[in-house]
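K.L.:
A structural model of the following input is requested.
(2 chains)
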Amino acid sequence: MIPLSLPLLFVFTSAFAPSKAADLSDSDGLTQAESTGDARGEAPPEIVGPRLPQVLGGVAPSYPPTALVEGLDGMVLLEVGVTAAGGVAGSRIIESSDPRFEVPAMDAMLGFQFSPAIDAEGQITTALIQYRMIFRAEAAIPVCAEGSIRDAEAGITLSSVLVTAIGPADEQLYATTDIDGSFRFVGLAEGLWRLEISGGSLYEPKNLDINVVSGSVQVVEATLERAASRGENANLTILVEDEASADEVTERVIRSDEIEFLPGTSGDVVKAVQNLPGVARAPSGIGQLIIRGTPPEDSEFGLDGAPIPLVFHFSGLTTVLSTESIDEVAYLAGSYGVRYGRALGGYVDLRLSPDLPDENRSVVSVDVYQAQIFHERKLGERTALSISGRRSYIDSVLTPLLSKGDLTIQAPRYYDGQVRLQHETRRGDSVDALFFMSDDRFRFLGKDADGQDETLAALATNFQKLRLRWLVGLGGDWALENLLLMGPEAQTFEFARGSEAYEKRLTLGVREELRLEVDEDRRLGTRLGVDLLCGRDSYLYDVAFYTEREEGEAWFCAPAPYAELTARLGPVTITPGVRGDMLLLPESTLFAADPRLGMRWVLGESTTLKVGTGLYSQFPTFRELNADAGGNPDLVAERAWQSSVGLERQLGSSMRAELTGFYNDLDRLVVGREDRFSFFTGPPIRRDFDTDPYDNAGTGRTYGVELLLRYTDELTVAQLAATYSRSERTGRDGLTELFEYDQPLILNLLASRELPRSWRIGARARYGSGNPYTPVINRIYNLDDRSWLPVYDSGEYERLPAFFSLDVRVDKGFSFRRWELTTYLDVQNATFYKNVEIMSYSADYGEETPIAGLPVVPSFGLKGEW
Amino acid sequence: MNPRIMSITLLTTLAAVGCTDGPSDDTLVNELRVLAIQAEPPEAAPGQDVELTVTITDPADTGAEVLLWHCTDLGTGCLEDGTPHTWTQDLEGDSVGVTATVPDALAAFASDEPVRATLVWALACEPGLCPQIDDPDGWDLSSPTEWLADLPMLGVSLAFNAMAISTRDDGLQNPVIERVGDTPIEADPGELVALDFTVQLDIAATVDTLAFGYGTAGGFGTTEYAIGDDGEVTLEWYAPEDSGAATLYVVVNDGAGGVGVWVDQATVR
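P.N.:
A predicted model of the protein is given here:
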């Protein structure tokens, strides 16, 4: 806020248009008025009416940066309500030469001060006037200092922070940070200025000195330390939640800085998704997400909306991307918008920050399983480079322990790496190039007749991807996203006696999206885009004893245009949209149209109703369509009509509750050819195989209720996630069965608290219903090949024992002059509970043998950061 | 084996099971079980008589009732229906035998190329467990899985193999397995005993020509042994830790329907 005594350098013209001030309009000139009345209602004796308000002082509006760069002049005609005290009651836009000038003009008008209007009787009155603001680029006050203020620990931006600029002549100017934590000072005299940043009751104040030089802008990026005396800063925490709040109806966003210390996640931001409602537990060691009763292959993982082949290394221990690179993870359980598609289930979107890092940073961490490094550095003001890499070494420890005699079991080993180059243009556009790769392997080795190592069985997955992304601000808050993601991916399987299998894909993904976000001042927004995925699929299955040789290869292309409108009608925001998906193959062309609708209704200060419904389509795989190899080219897309209703309520200042009900109706599911070899997608089929040709004859439904209670304050994070659901499938034969990972009840309770002297403790308790399985009740001996054929109790099922795990974590931080060290001990299943992962049988099915997961998974780690 | 469990097996089971020295548990037969069904000849023509011999283990010596039948089901039930094709017997010793006649109805698809569409089934039950023994005609013998689900697993054994039907004169003959030497099989507890056999095959040995060893105590080193081109094979039997008697069985499958069976007693000192 610039003091009114500062001379105004903008040129204002006045265009008075008397309207409601009827007395004034009826006056034919100024007349002398005598009045000795109450000073509140009467003008001072020296003032005679009628008289329109006069400008006494005002705030110079900020010049829109893009307009300033273009050298564009501007004009805004405002209708202004002036109070009896001469202040501004409000204003509205009558006309403008460019919409970019409107918000700055209205913002500036709020700081204007007028002399009050005087009516014909000499009484002070309110008035409605028109005021024209003219912006001249050549006369614009240059920005002298600008910047942003953040929480030093959490890194979040801080709004409403008072910044006082004290000049060389002790003049004082004031500014407060905006919602995005930014502030700006204009028209400062040259010389040394001191910026005093007030911390309020929550932060330590900070002073910074800047040297203002004509023609240059001093950029200030300040961080505030939290005050030693802890007070109630729940509001800050809530603000964090708001910043991470979602656009989608059921989108939950997890920030990387929120989960670093959560027990059971080893600091992996994507694993934190497993603590949320709607996520069922996958068997130990299998890095999969089971979302709202759908198999892992029905959910998608993306990197800023571009599909990536997998998100976990197949040990399930860690994500394929460095957590240091990930800014936040969006978990969309269902009923999401048209930006995402090609999935019947949920979507997990890993998001990298488009912003340049504030400073150079390096992180090295080692634990029992792996070591990783991360380094990011600024290359000038607008460019940054980051590099990260990880390599597991648990195989070095486990391999000697597991191996016996001639059999060597090479425990899972994995590595991944990323290189990212970011650049911010002068216009503020964000450009970045990212290369990332991942490689996992697991092998059994024996000895051949010559005593040489021979692969008995091996599994491997790997991918290499290049991503280019360019975010363009088009002005007027329009934004254009250009994204390209390409590279190969493969999973391979080797078996003794020359058997092998692989699935390989080479992809090129492109996204072009134009969007206009809805905000406090804009009621209409839109999103228009094309999500294109093209490439080549190839597969080979040549595994003795399991299947006949099968192979195929084809180019494909899947364009998906989409459009979405967002309308804010008072407390209600409605988002209808439609997405059209196509799949083009040499022998098949498939099309699916997915209409979707989302709604948010703010019922009160702390309650929001969220509703979402729509169609979600997923195409069959190339193998299922390949007519040359037992496929069915007449298959159509599988469909899920998803619906959800949720209520979100803030309970006090620290707690938030969400209750969501969902119902998903599935149809046109592809069934058949269950006798074919396939890579792992689920537990063994416990009934007669459906060996008929592929057909869209399957249906299903999933439904349930999810509850999320979250408590956060400065020291403590606590969360309860509960899901009660049911998931069914009906096959070609009309028989309805439970989904193979149906877990009716899932509970996750976690808490983490910061203690004095940089200690932190946390615990997580998990409970989940056991997966259903159909027991073997008898068997038939095939004497020709000496194999046993199980006989299942058709129509009946049992459940594996319920899952329970208590995970605990202890952290201790050390701060040194130039670096920080964090040590932690994270123990999963600290009570050594024996959790049955799968029911196995002896070769003759005479004995049922439960196979349990690892009894305990300890991890001790060190993390150094500077 | 379910192909979908391939990855599960690798990731969860094999790491736990691994490969160990010592007997394979799958070769220990400690319950009532049909071990082999031998048709003599294994390839026959419509109207021809075939001797069916079923080898059954009964380690607990509880006795067993056996239902034997053959069925050629081309999708409409057994073609043998209406002709004698079921037999019931009580187990005596370790085998039961019947004489069956290949139905003339099978002449419809018989040619000089052997067709293995006729399944020979054997159901062995502890006395009183299986109502099918008393009333074979009252059950759908072409779909045994439907009524097998109602029978207990312990004390019941159902097995099948396929015999070949053809009209050629020089049909397949069963392999003949003989042990090299005739010294009694004796071993110390836990001792590894190598048993040498010669196998006379009617056809050239292929990868599917295998010998399977079973024992009522102890066990063999692996579930299957390949028979060399010279017709020789050595099986390794691990004597149990407890002294006593054991019955050893070796079954040879030539991969074309021919079956050879060897049975003998072993003593653990």
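
K.L.:
C-alpha only now, for contacts and for neighbours.
P.N.:
Noted.

K.L.:
what is the burial count for the closest residue to A:Val163 other than its chain neighbours?
P.N.:
Once flanking residues are discounted, A:Val163 sits nearest to A:Ile197: 4.6 Å by Cα to Cα, 6 or more residues apart in numbering or on different chains. Counted with other Cα atoms under 10 Å in any protein chain shown, residues neighbouring A:Ile197 total 23.

K.L.:
try B:Asp169
P.N.:
Other residues within reach of B:Asp169, judged by other Cα under 10 Å, total 10.

K.L.:
and A:Leu110, by the same measure?
P.N.:
Neighbours of A:Leu110 using other Cα under 10 Å come to 16.

K.L.:
how much space separates it from A:Thr83?
P.N.:
As judged by Cα to Cα, to the nearest Å, A:Leu110 and A:Thr83 stand 12 Å apart.

K.L.:
could you list the low-pLDDT ranges of chain B?
P.N.:
B:1-21, B:204-207 (pLDDT under 70).

K.L.:
need the contact list for the residue nearest the centre of it.
P.N.:
Centroid-nearest residue in chain B, with Cα atoms, centre = their mean: B:Ala36, separated by 2.1 Å. Residues in contact with B:Ala36, defined by Cα atoms under 8 Å, 6 or more residues apart in numbering or on different chains, are A:Leu783, B:Val54, B:Thr55, B:Ile56, B:Val251, B:Val259, B:Val261.

K.L.:
what about those, which are in strands?
P.N.:
Among the contacts of B:Ala36, the members falling in strands (DSSP state E) are B:Val54, B:Thr55, B:Ile56, B:Val251, B:Val259, B:Val261.

K.L.:
hang on, the earlier thing: my guess is the residue nearest to A:Val163 contacts A:Thr164. True?
P.N.:
Yes: look at A:Ile197 against A:Thr164 with Cα atoms under 8 Å: they come within range, at 6.5 Å.

K.L.:
tell me which residue of the stretch 151-269 of chain B lies closest to chain A.
P.N.:
The nearest approach of the stretch 151-269 of chain B to chain A comes at B:Ala159, 4.4 Å away (Cα to the nearest Cα).

K.L.:
contacting residues for that residue?
P.N.:
A:Ile780, A:Tyr781, A:Asn782, A:Leu783, B:Val34, B:Trp121, B:Ala122, B:Leu123.

K.L.:
centroid-nearest residue for chain A?
P.N.:
Short answer for chain A (Cα atoms, centre = their mean): A:Ala330, at 3.0 Å.

K.L.:
tell me the spacing between it and A:Arg351.
P.N.:
8 Å.

K.L.:
kindly report the same for A:Ala458.
P.N.:
Look at A:Ala458 and A:Arg351: by Cα to Cα, they are 33 Å apart.

K.L.:
also A:Glu481?
P.N.:
To A:Arg351, A:Glu481 is 14 Å away according to Cα to Cα.

K.L.:
A:Thr774 now?
P.N.:
40 Å.

K.L.:
same check, this time on A:Tyr616
P.N.:
Where A:Arg351 is concerned, A:Tyr616 sits at a distance of 22 Å (Cα to Cα).

K.L.:
in which helix or strand would I find the residue nearest to the centre of chain B?
P.N.:
Assigned by DSSP states H and E, B:Ala36 belongs to strand B:33-40.

K.L.:
return that strand as CSV; C-alpha atoms alone will do.
P.N.:
Extracted C-alpha coordinates of strand B:33-40, given in CSV (Å, rounded to 0.1, in the frame of the first residue of the first chain):
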residue,chain,number,x,y,z
ARG,B,33,-3.8,-93.5,-4.3
VAL,B,34,-4.2,-94.9,-7.8
LEU,B,35,-0.7,-94.9,-9.2
ALA,B,36,-1.0,-96.4,-12.6
ILE,B,37,-3.5,-97.8,-15.1
GLN,B,38,-2.1,-100.1,-17.6
ALA,B,39,-4.0,-101.3,-20.6
GLU,B,40,-2.7,-104.4,-22.3
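
K.L.:
so in that sheet, which strands flank that strand, and in what orientation?
P.N.:
Sheet partners assigned to strand B:33-40 using DSSP bridges are listed as strand B:49-57 (antiparallel).

K.L.:
can you tell me what sits against the partner strand?
P.N.:
Among residues not part of strand B:49-57, those counted as contacts by Cα under 8 Å, 6+ apart are B:29, B:31-42, B:44, B:91, B:94-102, B:122, B:124, B:216.

K.L.:
who's in contact with the following helix or strand past that strand?
P.N.:
Per DSSP H and E, the first helix or strand lying C-terminal to strand B:49-57 is strand B:65-72. Here strand B:65-72 makes contact (Cα under 8 Å, 6+ apart) with B:78-80, B:85-91, B:96, B:117-127, B:132-133, B:136, B:141-142.

K.L.:
strand B:65-72 vs strand B:49-57, what angle?
P.N.:
Orientation check (axes from the mean of the first three to the mean of the last three Cα atoms, to 10 degrees): strand B:65-72 against strand B:49-57 gives 130 degrees.

K.L.:
so what strands line up beside whichever helix or strand comes after strand B:65-72?
P.N.:
Remark: after strand B:65-72, the chain's next helix or strand is strand B:86-90, criterion DSSP H and E. Sheet pairing here is set by DSSP bridges, and for strand B:86-90 it gives strand B:65-72 (antiparallel).

K.L.:
tell me the buried residues in the helix or strand A:Ser365 falls within?
P.N.:
Assigned by DSSP H and E, A:Ser365 belongs to strand A:361-366. Within strand A:361-366, the residues that count as buried by 16 or more other Cα atoms under 10 Å in any protein chain shown are A:Ser362, A:Val363, A:Val364, A:Ser365, A:Val366.
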